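Visitor: I need the structure of the sequence given here:
(2 chains)
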Amino acid sequence: MKSAVITFPGSNCDRDMHVALNKFGFKNKMVWHNDNELPKSDLVVLPGGFSYGDYLRCGSMASKSKIMQSVINFAKSGGLVMGICNGFQILVESGLVPGILLRNKYLEFICKNVFVKIDNKDNPYFKNLDKEVFELHIAHNEGNYFCTNDQLKEIEDNNQVAIYYCNDNGKTEEKFNPNGSLKNIAGIFNKEKNVLGMMPHPERMIDQSLSGEDGSLFFKNLINNIK
Amino acid sequence: MKVSAIITLKKDVLDPQGKVIHQTLDGMGFKDVNEVRQGKYFEIDVKENDPQKAQKIVEDMCNKLLANLVIENYKIIEIQ
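Guide: This is a model prediction of the structure:
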């Protein structure tokens, strides 16, 4: 299975993602933001970081970079595109998933492990996972998910919420919401479920010597689903 | 022509920075404040001498990049 990770100026989780994808069996290629064409890929990942120094709005500049037209075309033709953290911000700014990520409610950069609950497994990312609650890492200043009421209705009607912030038992109450996100939303799909944007970093949880291995479960399952 | 545009958060969007500024102003003794909303200001010098055309160009920029219309509104405030 082939994957591609896009590096934007200011990306800093691109290499971690490259290591994670290779570890679980992908043959990953790094792609520069200024390239025109994506290599032939089964999965394209927009990594975390601070593309363009978070100028204007996080992800807004990167969403207009050259490679993004190819990424958008790939997504529109049904290709799997995943955006993590800053990658999620780039996805919302490019219009591939609805909504936007605002500054965290309490104006703090948050860097910690959180629990997230998978609500809907009818998609290529979570299908066949035998677990609902995952411990993953977040590190962001702008992860406060927001959308209009009309968008929220559409998102909920189409089961587009990918993951919710919760506690270790999967309770999705407001007190387990780290950043003020609407309805505890931590990740979201496009309508067709081939594009996934989420704030938590599965690539940071792929080794016992890191802070956990729930990310490994995600990647192992993902490659099996794509095969 | 120089076109000036301001971008503000829509009414129902939480503005935590505005809130903190409000609290700080209050702490400094400015007690007559109802609310503070923070926004952005752009001054764009375009190669166009017709004011209407210049405005159109900057509006296009606002729609496509400078503002995110999910949360923000923009307003052209000056053309000179």
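
Visitor: and the closest residue to chain B within chain A, what does it touch?
Guide: In chain A, the residue that lies nearest chain B is A:I100 (4.8 Å; C-beta to the nearest C-beta). All C-beta spots, glycine's among them, are computed from the backbone N, C-alpha and C. Counting by C-beta atoms under 8 Å, 6 or more residues apart in numbering or on different chains, A:I100 makes contact with A:R57, A:V92, A:E93, A:Y145, A:F146, A:C147, B:N68, B:V70, B:I71.

Visitor: So what pairs up with it in the strands?
Guide: Beta-bridge pairing for A:I100 (DSSP bridges): A:F146.

Visitor: how close does it sit to A:T172?
Guide: From A:I100 across to A:T172, the span is 21 Å (C-beta to C-beta, to the nearest Å).

Visitor: Can you show me the helices along the chain?
Guide: All of this refers to chain A. A:14-23, A:66-76, A:86-94, A:149-157, A:214-226 (DSSP state H).

Visitor: wait, chain B
Guide: B:16-28, B:51-61.

Visitor: Would you tell me which one of these is buried the most?
Guide: Mean neighbour count, computed with mean count of other C-beta atoms under 10 Å in any protein chain shown, is highest for helix B:51-61 among the helices of chain B, reaching a mean of 15.

Visitor: residue contacts, residue 37?
Guide: Picked chain A for this. With C-beta under 8 Å, 6+ apart, A:E37 has these contacts: A:S70.

Visitor: right idea, wrong chain: chain B
Guide: Taking C-beta under 8 Å, 6+ apart as the test, what B:R37 contacts is B:T8, B:L9, B:D15, B:G18.

Visitor: ok, what's across the strand from A:V45?
Guide: Judged by DSSP bridges, the bridge partners of A:V45 are A:V5, A:M82.

Visitor: What about it, how many residues nearby?
Guide: By other C-beta atoms under 10 Å in any protein chain shown, 27 other residues sit near A:V45.

Visitor: thought it was touching A:F88?
Guide: No - A:V45 lies out of contact with A:F88 (C-beta atoms under 8 Å); the separation is 11.1 Å.

Visitor: any idea how far the residue of chain B found nearest chain A lies from A:N190?
Guide: Proximity of chain B to chain A (C-beta to the nearest C-beta) peaks at B:V70, 4.8 Å away. B:V70 sits 15 Å away from A:N190, going by C-beta to C-beta.

Visitor: what do you get for A:G83?
Guide: Using C-beta to C-beta, A:G83 is found at 11 Å from A:N190.

Visitor: Find the residues that touch each one of these two.
Guide: With C-beta under 8 Å, 6+ apart, A:G83 and A:N190 have common neighbours A:L96, A:V97.

Visitor: Comparing these two, which shows the higher neighbour count?
Guide: Set A:G83 next to A:N190 and count neighbours by other C-beta under 10 Å: A:G83 wins out with 29 against 19.

Visitor: pLDDT score for that one?
Guide: pLDDT, A:G83: 98.

Visitor: Next: the one 3 residues further on.
Guide: The model reports A:N86 with a pLDDT of 98.

Visitor: related to what we said a few turns ago, check pLDDT for the contacts of B:R37 and point me to the minimum.
Guide: Out of the contacts of B:R37, that is B:D15, at 89.

Visitor: From one end of stretch A:150-170 to the other, what's the distance?
Guide: When the termini of stretch A:150-170 are compared using C-alpha to C-alpha, to the nearest Å, they are 27 Å apart.

Visitor: chain center to that stretch, what's the gap?
Guide: A distance of 14 Å separates the centroid of the chain from that of stretch A:150-170, by C-alpha atoms, centre = their mean, to the nearest Å.

Visitor: List the buried residues of it.
Guide: Buried residues in stretch A:150-170, defined by neighbour count with 16 or more other C-beta atoms under 10 Å in any protein chain shown: A:Q151, A:L152, A:I155, A:Q160, A:V161, A:A162, A:I163, A:Y164, A:Y165, A:C166, A:G170.

Visitor: for stretch A:34-43, same thing?
Guide: A:L38, A:S41, A:D42, A:L43.

Visitor: Any idea what the closest residue in space to A:D168 that isn't next to it in sequence is bridged to?
Guide: By the measure of C-beta to C-beta, 6 or more residues apart in numbering or on different chains, the closest residue to A:D168 outside its immediate chain neighbours is A:F115, 5.3 Å from it. For A:F115, the beta-bridge assignment (DSSP bridges) gives partners A:E135, A:C166.
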